[in-house]
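I would like the atomic coordinates for the input below:
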Amino acid sequence: MTSKGRVTIREVAERAGVSMATVSRVLSGNHPVPASTRARVLRAARDLDYVANAHARALVGGGRKMVAVVLRQVTSPFYAQVAEGVEAEAAARGWLCLVGTTGGDPGRELEFVQLMREEGARLVILVGGVVEDDAYRERVAHYAQALASAGARLVLCGRPAPDPDIPALVVEFDNEAGARAITGHLLSAGHRRIVFLGGLPGNTALDARVAGYRAALAEHGLGPAAAHVVDCGLGRAAGHRAMTELLKAGGVPGPGDTATPETATPDTATSGTATRDTANPGTATPDAAPARFTAVFAGDDMVAAGALRAIADAGLRVPQDISVVGYNDIPLAEDFNPPLTTVRTPAEELGRAAVRIALRDPEHAAGAHHLLGTHIVVRDSVQPPPPGREDGGSTPV
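Numbers count the residues shown, from 1 in each chain. You can find the predicted model right below:
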């Protein structure tokens, strides 16, 4: 894909040494053209990275009312709900919706965006948090400019635009505010030793949740040393393993103590965990005496599911011994044992809004940023810490 200005049919004709009418006949495929001429035109179009303008094709009946949504995976309840929202809004408008998955592979993402550009998709929606590094910033700018040159539009759904000047619409929800609210809920219940389970440094969504968690601690007068972030990534298996390790250790590392980091991925189990402490994040002391905790803020509901299982396996009860909260409010959260207190994110509405806003005002959608709200859903997984453990007394392991 090129990020230069849109290549015209005139340029293809000049490169191939034929008339614009001949190029049009070759590209439409509706008229007989000598094989050698067809090959020459197609080679010129390929060399110039020519893509027929989707809006122009629509005027002559050749365009497709098609939106493509690109996800990391479809097994995640959150991603599935976003895709459902995109599909529902597209169907309501008589559009087709195509879904592709990348497994977190930037190469597959690039191939899918290129394919959708060539097939004339009007909207290409990329969903989910990412590690926002230089490679990501360059990649997204490339996508946005290349799609715009073909008359299409890039929508970033639940992930930030690396540059406000690139032609991309951003629709996301306030991760930091949701995390601040749910942490405040635990603090209001009397908890002071709260561990964040499910960090992944560099991931935009999780970093925002960690920031909200730390902000809530500070708002309640707790210093930086009160923040304990376990970097285990997301997924039920990751939550189960990390929670099991914490319980075996008797708590979370005290101020200045960290575990040795391992590799983590956003939506899959990880081979190990690392604990960050704001007071002194660079010190590695895996065998330090642990401080105790009374509540767990899981990075998402699937991490919470794994944590709940680990707590039960250890013979402990939620919320009598340890309170647990999650994030996203997936459909199964109310069926957990106990039903999970969590942050409801507007996953389906996120998908609907991505389509609705992009089509409602196509000339001004590019570069716009829309932020959706979140709210707490209170169920049965939180209660005040047991007497004598308000400040982190012994956990009955």
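
Can you show me the strands along the stretch 151-300 of the chain?
For the stretch 151-300 of the chain, the strands defined by DSSP state E, counting those that start in this stretch cover 153-157, 168-173, 194-197, 228-231, 252-253, 274-277, 290-291, 295-298.

Looking at the ones you listed, which is nearest to Ala368?
Among those, strand 168-173 comes nearest to Ala368, with 5.4 Å by C-beta to C-beta. Glycine gets a C-beta too; all of them are placed from N, C-alpha and C.

so that closest one versus strand 153-157, what angle?
Taking axes from the mean of the first three to the mean of the last three C-alpha atoms, to 10 degrees, one finds strand 168-173 and strand 153-157 inclined to each other by 20 degrees.

Name every strand pairing with strand 168-173 and say which way it goes.
Under the criterion DSSP bridges, strand 168-173 sits next to strand 153-157 (parallel), strand 369-372 (parallel) in its sheet.

To Arg180, which of those lies closest?
Closest approach to Arg180 among these (C-beta to C-beta): strand 369-372, 14.5 Å.

so how far is whichever helix or strand comes after the closest one off the chain centroid?
Once the chain leaves strand 369-372, the next helix or strand it forms, by DSSP states H and E, is strand 375-377. Counting by C-alpha atoms, centre = their mean, to the nearest Å, strand 375-377 is centred 19 Å from the centre of its parent chain.

cool, and stretch 203-213?
11 Å.

Including mean pLDDT, distance to Val74 and mean neighbour count, could the strands of the stretch 151-300 of the chain go into CSV?
As requested, the strands of the stretch 151-300 of the chain are exported to CSV (pLDDT from 0 to 100; distance: least, C-beta to C-beta, whole Å; neighbours: other C-beta atoms under 10 Å):
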stretch, mean pLDDT, distance to Val74, mean neighbour count
strand 153-157, 93, 15, 25
strand 168-173, 92, 20, 25
strand 194-197, 97, 24, 28
strand 228-231, 96, 25, 28
strand 252-253, 41, 34, 24
strand 274-277, 61, 29, 23
strand 290-291, 42, 38, 20
strand 295-298, 98, 22, 30
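
Dump the ones you listed into a markdown table; add distance to Tyr136 as well.
Below are the strands of the stretch 151-300 of the chain laid out as a markdown table (distance: least, C-beta to C-beta, whole Å):
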| stretch | distance to Tyr136 |
| --- | --- |
| strand 153-157 | 11 |
| strand 168-173 | 13 |
| strand 194-197 | 24 |
| strand 228-231 | 19 |
| strand 252-253 | 31 |
| strand 274-277 | 22 |
| strand 290-291 | 36 |
| strand 295-298 | 26 |
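
closest one to Ala39 among those?
strand 153-157 (32.2 Å).

then the closest one to PDB, C-alphas only?
The C-alpha coordinates for strand 153-157 follow below in PDB (Å, rounded to 0.1, in the frame of the first residue of the first chain):
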ATOM      1  CA  ARG A 153     -12.100   5.400   5.800                       C
ATOM      2  CA  LEU A 154     -10.100   4.000   8.800                       C
ATOM      3  CA  VAL A 155     -11.900   3.800  12.100                       C
ATOM      4  CA  LEU A 156      -9.900   3.000  15.300                       C
ATOM      5  CA  CYS A 157     -12.300   1.400  17.800                       C
END
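
got the residue ranges for the helices in the chain?
All helices of the chain, identified by DSSP state H, fall at 9-16, 20-28, 35-48, 54-59, 77-92, 106-119, 134-149, 175-188, 204-219, 236-249, 301-313, 347-360, 362-365.

Run the angle between the third one and helix 9-16 for me.
Between the direction of helix 35-48 and that of helix 9-16, the angle (the same axes, to 10 degrees) works out to 120 degrees.

that older thread, determine which of the strands of the stretch 151-300 of the chain approaches Pro346 most closely.
When the strands of the stretch 151-300 of the chain are compared (using C-beta to C-beta), the closest one is strand 168-173, at 5.9 Å.

So what touches the closest one?
Residues outside strand 168-173 that contact it (C-beta atoms under 8 Å, 6 or more residues apart in numbering): 140, 143-144, 153-161, 345-346, 350, 353-354, 357-358, 365-374.

circling back: so which of the strands of the stretch 151-300 of the chain is nearest Arg122?
Nearest of the strands of the stretch 151-300 of the chain (C-beta to C-beta): strand 153-157, 6.8 Å.

can you state the direction angle for the closest one and helix 134-149?
Using the same axes, to 10 degrees: strand 153-157 against helix 134-149 is 140 degrees.

Check the helices of the chain for me: which has the lowest mean pLDDT.
The minimum mean pLDDT among the helices of the chain belongs to helix 54-59 (a mean of 46).

returning to that earlier point: which of the contacts of strand 168-173 count as buried?
140, 143-144, 153-161, 345-346, 350, 353-354, 357-358, 365-366, 374 (16 or more other C-beta atoms under 10 Å).

Neighbours of His31, how many?
10 (other C-beta atoms under 10 Å).

OK, contacts around it?
Arg25.

From here on, call the first residue 39.
Taking 39 as the first residue, the last one we looked at is His69.

Pull up the gap between it and Glu49, please.
As judged by C-beta to C-beta, to the nearest Å, His69 and Glu49 stand 21 Å apart.

and if you look at Gly138?
Relative to Glu49, Gly138 is positioned 30 Å away (C-beta to C-beta).

and the residue nearest to Leu285 when sequence neighbours are not counted, what are its phi and psi?
The shortest distance from Leu285 to any non-neighbouring residue, by C-beta to C-beta, 6 or more residues apart in numbering, is to Ala352 (4.8 Å). Ala352 has phi and psi values of phi -80, psi 0 when expressed as degrees, to the nearest 10.

now Ala352: how far from Lys286?
8 Å.

Ok, Ile368 next?
The spacing between Ile368 and Lys286, counted by C-beta to C-beta, is 28 Å.

Those two: which is more packed in?
Using other C-beta under 10 Å, the more surrounded residue of Ile368 and Lys286 is Ile368, with 25 against 11.

So that one sits against Ala336, correct?
No: Ile368 is beyond contact range of Ala336, at 11.7 Å (criterion: C-beta atoms under 8 Å).

residues contacting Asn375?
By C-beta under 8 Å, 6+ apart, the contact list for Asn375 reads 346, 350.

Arg53 too?
By C-beta under 8 Å, 6+ apart, the contact set of Arg53 is 82, 85-86.
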